[in-house]
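Enquirer: Return atomic coordinates for the entry below.
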Amino acid sequence: ILLNSVGQYVMFDMRRELYDKLQHQEIAYYDRNPIGRIMTRLTTDVDALNELFTQGVTDLLGDLVMIVAIISVMLWMDVRLTLITLLTVPMLFAATTWFRKGARKGYDMVRTRIARINAFLQEHFSGAQTVQIFNAEAKSLKKFDQINDDHRRANIETIYYYAVFFPLVDFIGAVGIALIIWYGGYRVMQNTPEHTVLTLGGLVAFIQYSGFLFQPIRDISDKYNVLQAAVVASHRIFRTLDLPIAIVNPRKPQKDDRAKGRIEFQNVWFAYKDDNWVLKDVSFTVEPGQSIALVGHTGSGKTTITNLLMRFYDIQQGRILLDGVDLRDWDLKALRENFAVVLQEVFLFSGTIAGNIRLGRDDITEERVEWAAKEVHADRFINRLNGGFEAEVRERGAGLSVGQKQLISFARA
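Expert: Have a look, this model is predicted:
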């Protein structure tokens, strides 16, 4: 009960740390990493660590204590025969080293492949409508078959190491017993009435103890897959936890309050990757109370300018000022509270209409929510829904039209 409870608390804390870390990663991180792969970190990889805590540790400790106890008894009975028995240890060590390297590589491949499967499933289930519209089911299935087959082959490669290793351990154990019979039998035959070197009963007892010695060694080998899975999973988890956060708060923010609204771009250069510049030496000023529109062809950087104002990305050259203060000197939370954004792709969370408009802000009253909906004319369709503002919103706003989701997004802003 205690170890299982510890395992559950470890999983709880680990998932919380991972979620908190990932929430504060810059948007560029999600541009680079598929969501399914990130999900694998919080689910499959954490579960592998839990199995280590709840099963591997207790069995491993028990087997180690058993090995030490048996060797101690064997040394007490006959030191020379014990040393003969332990001649097989180097062979066992060599086999374990080979197995450890191969199994770890195999488990790493398995984890990578399952992450790819999760990423593929998340993407294609989210885009199920698009797949069906363009009759791409067969092509999608063919691609999934390839990813699924890669996962199967990675598992089979891992199984190969187990198929060789466990019989090898049994063989080494048999060699140990053969050495005991050979050397111990010779000493039994040397017995004389005047001087007893080793009795037949003592030899049989030694053979029994040898069998007891190799049983926990086999058990440890059997638990090695749990250990290897946990090692690979922990490596991936801690690599995620060690990720630096690119967009951070300044130690001493110069501004952390409401802005008047003067925006300045001063010779701004920005690229999402390398030197593929989206903005080149851009400068303009927006005065408080002024309404402007950014007009340009697709890919000219209109959305990018919005992302930079919210400091989702940091620029490579130049400065962006809000009320005369560089965005990097603003408190990050206060900076974003100064903006209301309606995204091009509306995202709604599971919950209620009111919950999606309020979005976790407890200080926004029901009256304020209804006022916001009325201002953007969203109240007309909301009042027709079963439950009104408390109507259920399914995942990604399923059941609502694109226009209705857009109005909710306006009310949220």
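Enquirer: Thought R152 was touching M109, still the case?
Expert: No. Between M109 and R152 there is no contact under Cβ atoms under 8 Å: 11.3 Å. C-beta here means a position set from N, CA and C on the backbone, and glycine is covered the same way.
Enquirer: More neighbours: those two, which one.
Expert: M109 (18 against 12; other Cβ atoms under 10 Å).
Enquirer: Identify the residues contacting the residue nearest to the more buried one when sequence neighbours are not counted.
Expert: Leaving aside its chain neighbours, M109 sits nearest to A154 (4.0 Å; criterion: Cβ to Cβ, 6 or more residues apart in numbering). Neighbouring residues of A154 by Cβ atoms under 8 Å, 6 or more residues apart in numbering: 106, 109-110, 112-113.
Enquirer: Okay, and A154 sits in which element?
Expert: For A154, the enclosing helix or strand under DSSP states H and E is helix 137-189.
Enquirer: cool, and N356?
Expert: Per DSSP H and E, N356 falls inside helix 353-358.
Enquirer: tell me the contacts of L321?
Expert: L321 makes contact with 262-264, 266, 327 under the criterion Cβ under 8 Å, 6+ apart.
Enquirer: Sort out for me which of those are in helices.
Expert: Applying DSSP state H to the contacts of L321, no entry is found in helices.
Enquirer: Tell me the one among those residues nearest to F166.
Expert: L327 (60.1 Å; Cβ to Cβ).
Enquirer: Need the pLDDT of H151.
Expert: For H151, the pLDDT comes out at 92.
Enquirer: Tell me how many other residues surround the residue nearest to it when sequence neighbours are not counted.
Expert: Ranked by Cβ to Cβ, 6+ apart and with sequence neighbours excluded, the top spatial neighbour of H151 is R113, at 3.8 Å. Number of residues near R113 (other Cβ under 10 Å) recorded here: 19.
Enquirer: Over to R32?
Expert: For R32, the count of nearby residues is 8 (other Cβ under 10 Å).
Enquirer: Kindly state the pLDDT recorded for it?
Expert: 83.
Enquirer: quick one, strands of the chain?
Expert: Remark: strands assigned in the chain by DSSP state E are 263-271, 277-286, 317-322, 325-326, 351-352, 392-393.
Enquirer: could I get those strands as JSON lines with distance to F53 and mean pLDDT?
Expert: As requested, the strands of the chain are exported to JSON lines (distance: least, Cβ to Cβ, whole Å; pLDDT from 0 to 100):
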{"stretch": "strand 263-271", "distance to F53": "45", "mean pLDDT": "95"}
{"stretch": "strand 277-286", "distance to F53": "47", "mean pLDDT": "94"}
{"stretch": "strand 317-322", "distance to F53": "47", "mean pLDDT": "95"}
{"stretch": "strand 325-326", "distance to F53": "47", "mean pLDDT": "94"}
{"stretch": "strand 351-352", "distance to F53": "34", "mean pLDDT": "90"}
{"stretch": "strand 392-393", "distance to F53": "38", "mean pLDDT": "90"}
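Enquirer: Nearest to K255, out of those?
Expert: Set against K255 and scored by Cβ to Cβ, the strands of the chain come closest in strand 325-326, at 4.8 Å.
Enquirer: Just checking: what are the partner strands of that closest one?
Expert: Paired neighbours of strand 325-326 in the sheet (DSSP bridges): strand 317-322 (antiparallel).
Enquirer: Can you give the distance of the strand it pairs with from its chain's centre?
Expert: Relative to its parent chain, strand 317-322 has a centroid offset of 35 Å by Cα atoms, centre = their mean, to the nearest Å.
Enquirer: Same question for stretch 357-366.
Expert: Relative to where its chain is centred, stretch 357-366 has its mean C-alpha point 31 Å off (Cα atoms, centre = their mean).
Enquirer: buried stuff in that stretch?
Expert: 357-358 (16 or more other Cβ atoms under 10 Å).
Enquirer: likewise stretch 183-202?
Expert: 183-184, 187-188, 198, 202.
Enquirer: show me where the stretch 301-413 of the chain has helices.
Expert: Assigned by DSSP state H, counting those that start in this stretch, the helices in the stretch 301-413 of the chain fall at 302-309, 332-337, 353-358, 366-375, 379-382, 402-412.
Enquirer: Turn those helices into JSON lines, including distance to D20.
Expert: Shown next, in JSON lines, are these (distance: least, Cβ to Cβ, whole Å):
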{"stretch": "helix 302-309", "distance to D20": "23"}
{"stretch": "helix 332-337", "distance to D20": "15"}
{"stretch": "helix 353-358", "distance to D20": "21"}
{"stretch": "helix 366-375", "distance to D20": "28"}
{"stretch": "helix 379-382", "distance to D20": "33"}
{"stretch": "helix 402-412", "distance to D20": "23"}
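Enquirer: hey, which of the ones you listed is tucked in deepest?
Expert: Of those, the one with the most neighbours on average (mean count of other Cβ atoms under 10 Å) is helix 353-358, at a mean of 22.
Enquirer: residue contacts, V342?
Expert: Taking Cβ under 8 Å, 6+ apart as the criterion, V342 is in contact with 406, 409-410, 412-413.
Enquirer: again, only this time at 6 Å
Expert: Remark: with contacts taken as Cβ atoms under 6 Å, 6 or more residues apart in numbering, V342 is in contact with 409-410, 413.
Enquirer: V46: which of those residues is nearest?
Expert: S409 (33.2 Å).
Enquirer: I figured that closest one was touching V346, is that so?
Expert: Yes. Counting by Cβ atoms under 6 Å, S409 does reach V346; the two are 4.5 Å apart.
Enquirer: of the contacts of L321, buried ones?
Expert: Using 16+ other Cβ under 10 Å, the buried ones in those are 262-264, 327.
Enquirer: okay, those in CSV with distance to G211 next?
Expert: As requested, the buried ones among the contacts of L321 are exported to CSV (distance: Cβ to Cβ, whole Å):
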residue, distance to G211
R262, 84
I263, 80
E264, 81
L327, 71
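Enquirer: Just the closest of those to I35, please.
Expert: Distances from I35 to the buried ones among the contacts of L321, taken by Cβ to Cβ, are shortest for L327, at 27.6 Å.
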